[in-house]
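> model this:
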Amino acid sequence: MAFPLVVEPEAEKDITSAYRWYEAKHSGLGREFIECVDDVFQRLCTTPEVHAVMYKSIRQALVRRFPYVVCYVFQDDCVSVIAVFHGHRDPKAWESRI
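Residues are numbered from 1 along each chain as shown. Coordinates of the predicted model:
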């Protein structure tokens, strides 16, 4: 069973910002980043509880090939992505989104 996925506007901005950064570094790299993030989203829709709760009700999934983390909540049979951030950033930057 696949659960619905909602990407919050702040997370969309995170993804767009990272895409632009990678694309500026090397043409096509931004597209590869998006593909890897999409892979995470697909996995979350089928196995959202595979990742442990890290902070309050927030779970985290790593993005393959890129140093990014997808922060999400799974409740009411829905996956809500609240942030997609660089793993070296201060977590307080996304904790306020809860």
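> residues in contact with the residue nearest to the spatial centre of the chain?
Centroid check for the chain by Cα atoms, centre = their mean gives Val70 as the closest residue, at 2.5 Å. Neighbouring residues of Val70 by Cβ atoms under 8 Å, 6 or more residues apart in numbering: Val37, Val40, Phe41, Leu44, Gln60, Ala61, Leu62, Val63, Val81, Ala83, Val84. For every residue, glycine as well, the C-beta is placed using N, CA and C.
> Provide a list of residue ranges in the protein with pLDDT below threshold.
90-98 (pLDDT under 70).
> Tell me where it has helices.
Using DSSP state H, the helices assigned to the chain run over residues 9-25, 29-46, 92-95.
> Now do the contacts for His51.
His51 neighbours (Cβ under 8 Å, 6+ apart): Arg59, Gln60, Ala61.
> So what does it have for phi and psi?
phi -100, psi 140 (degrees, to the nearest 10).
> Distance of it relative to Phe3?
14 Å (Cβ to Cβ, to the nearest Å).
> of all the helices of the chain, which lies closest to Tyr55?
helix 92-95 (6.5 Å; Cβ to Cβ).
> so Glu10 touches Ala83, yeah?
Yes. Using Cβ atoms under 8 Å, Glu10 is in contact with Ala83, at 6.6 Å.
> who's more crowded, these two?
Ala83 (25 against 16; other Cβ atoms under 10 Å).
> Next one: that one from Gly28, what distance?
25 Å.
> One more: Gln75?
36 Å.
> And for Thr16?
Taking Cβ to Cβ, one finds Thr16 at 17 Å from Gly28.
> higher neighbour count, the two?
Neighbour count, other Cβ under 10 Å: between Thr16 and Gly28, Thr16 has more, with 13 against 9.
> before we move on, the earlier item: could the contacts of His51 go into a markdown table alongside distance to Phe33 and neighbour count?
Listed next are these as a markdown table, based on distance: Cβ to Cβ, whole Å; neighbours: other Cβ atoms under 10 Å:
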| residue | distance to Phe33 | neighbour count |
| --- | --- | --- |
| Arg59 | 21 | 19 |
| Gln60 | 17 | 18 |
| Ala61 | 15 | 22 |
